[in-house]
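# Quick one, what's the 3D model for this:
(one chain, ligands or ions: 2)
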Amino acid sequence: MINGISMRWMWLVAVMASTLMAGCGESTQQEDPLADVSVIADSEPSPYQCPQADAVGTVGRFGEPGTELHADPQIDINLSGENSTDPDGTELTYRWEIVERPKFSRTFLDPGDDVVDPHFYLDVPGDYRVELTVYDEHGLAACEPAVVEVTAAGDYEIQLQLAWENIHDEGRTANLNLHYVHDGWSWGNERWSVQPGNGSAVWGDSYVRRQSSSDGGAWPEYVFHEHPESGQRYHVGVHHRAGRAVGEATVTAKFNGQIEYVSAPKTLEPDDDELWYVGYVDWGEEPLFVEVDTAVEHPLE
Ligand SMILES: [Ca+2]
Ligand SMILES: [Ca+2]
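Ligands and ions are numbered 1, 2, ... in the order given. Prediction:
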């Protein structure tokens, strides 16, 4: 028989043991909050509760915060984990990770993966999934990670992508520029083309916008064209700005989200005078991309 006093002693020893084990975790977590999670998790009963991760993202600077976002490519997603909480009231640390991204994406969390509110750039159209795990002061991980999913759409009637590799670059990057011009007008016309000197245009009921990376690096450039005019023709070109590395360019045309045309890779030398006339879009009942693939005289940018 175990009397009442022995029972109370056994209970006290058990509580002291679990408190000591938890105390070990607390004393070492300062060096690495991830290292001793298993120690805490295995100690029963734990006096601590796992924190709750909460993550939201905002498209650009003024969007509505959410967890399932739709955005144009080439815009920033601003993340926030500030609504994460710990039932024990301890300070939290943050660990973000981009766990899914589209092919060719090179985006990263800026200024880092361990701040409460990093941001990242949708460099390529497609699906992104970001997870946030928070850790409390005892090193205990969130019960489950919080998730933000982003679809960088591009479900425009006409979407053009210019991507390129830098070759023979000796550390330099090629700066290629995508051009798109309404039929009947010259390359570089300020109202009837989009190019480095003109980022958007309204042609009839249609709206055209050009997106490019500001760093001149090997990130894709895009033209998005909403509501193109039926029966109209639009020309597509690529210019390699002078004084930079050689670039090997590929142009892709999507109609209504489906790939319609992919060019063969094209090597472009730095040159001020020539533009690679890739081809043209004939927008009608059955839209076509017609390849031309020739060099034409290039206007000033
Ligand atoms: Ca806790
Ligand atoms: Ca460019």
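# Show me what from the chain comes close to ligand 2.
Asn175, Asn177, Ser212 (C-beta under 5 Å from the ion). Glycine gets a C-beta too; all of them are placed from N, C-alpha and C.
# Out of the residues you listed, the closest to Thr85 would be?
Each of the residues of the chain next to ligand 2 was checked against Thr85 using C-beta to C-beta; the closest is Ser212, at 40.7 Å.
# Quick check: closest non-adjacent residue to the closest one.
Nearest residue to Ser212 in three dimensions, chain neighbours excluded: Glu221, at 4.3 Å (C-beta to C-beta, 6 or more residues apart in numbering).
# Which single residue of the stretch 101-250 of the chain approaches ligand 1 most closely?
Using C-beta to the ion, the closest approach of the stretch 101-250 of the chain to ligand 1 is made by Asp136 at 3.7 Å.
# Just give me the neighbour total for that residue.
When neighbours are counted by other C-beta atoms under 10 Å, Asp136 registers 26.
# starting at the chain centroid, how far to the helix or strand containing Glu260?
According to DSSP states H and E, Glu260 maps onto strand 258-262. Chain-centre distance of strand 258-262: 22 Å, with C-alpha atoms, centre = their mean, to the nearest Å.
# And the residue of the stretch 101-250 of the chain closest to ligand 1, how close does it get to Cys50?
Applying C-beta to C-beta, to the nearest Å, the value for Asp136 to Cys50 is 8 Å.
# try Ala249
For Ala249, the distance to Cys50 equals 50 Å [C-beta to C-beta].
# Counting by contacts, list what the helix or strand hosting Val278 packs against.
Here Val278 sits within strand 274-283, counting by DSSP H and E. Here strand 274-283 touches strand 232-240, strand 246-255, strand 288-297, going by 3 or more C-beta pairs under 8 Å, 6 or more residues apart in numbering; DSSP states H and E.
# Next up, the contacts around the nearest residue in space to Val59 that is not next to it in sequence.
Distances taken as C-beta to C-beta, 6+ apart put Ala71 closest to Val59, at 4.4 Å, once the chain neighbours are dropped. Listed by C-beta atoms under 8 Å, 6 or more residues apart in numbering, the contact partners of Ala71 are Val59, Gly60, Gly63, Ile77, Leu122, Val150, Thr151, Ala152, Ala153.
# Mind putting those residues into JSON lines with pLDDT, neighbour count and secondary structure?
Listed next are the contacts of Ala71 as JSON lines, based on pLDDT from 0 to 100; neighbours: other C-beta atoms under 10 Å; DSSP: H, G, I helix; E, B strand; the rest coil:
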{"residue": "Val59", "pLDDT": "95", "neighbour count": "20", "secondary structure": "strand"}
{"residue": "Gly60", "pLDDT": "89", "neighbour count": "12", "secondary structure": "coil"}
{"residue": "Gly63", "pLDDT": "85", "neighbour count": "15", "secondary structure": "coil"}
{"residue": "Ile77", "pLDDT": "97", "neighbour count": "22", "secondary structure": "strand"}
{"residue": "Leu122", "pLDDT": "90", "neighbour count": "24", "secondary structure": "coil"}
{"residue": "Val150", "pLDDT": "97", "neighbour count": "26", "secondary structure": "strand"}
{"residue": "Thr151", "pLDDT": "94", "neighbour count": "16", "secondary structure": "strand"}
{"residue": "Ala152", "pLDDT": "90", "neighbour count": "23", "secondary structure": "strand"}
{"residue": "Ala153", "pLDDT": "79", "neighbour count": "17", "secondary structure": "coil"}
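# Between which two of the residues you listed is the distance greatest?
Spatial extent of the contacts of Ala71 (C-beta to C-beta) is set by the pair Gly60 and Thr151 at 15.0 Å.
# so where is the stretch 201-301 of the chain shaky, pLDDT-wise?
Along the stretch 201-301 of the chain, the parts satisfying pLDDT under 70 run over 213-219, 242-244, 272, 299-301.
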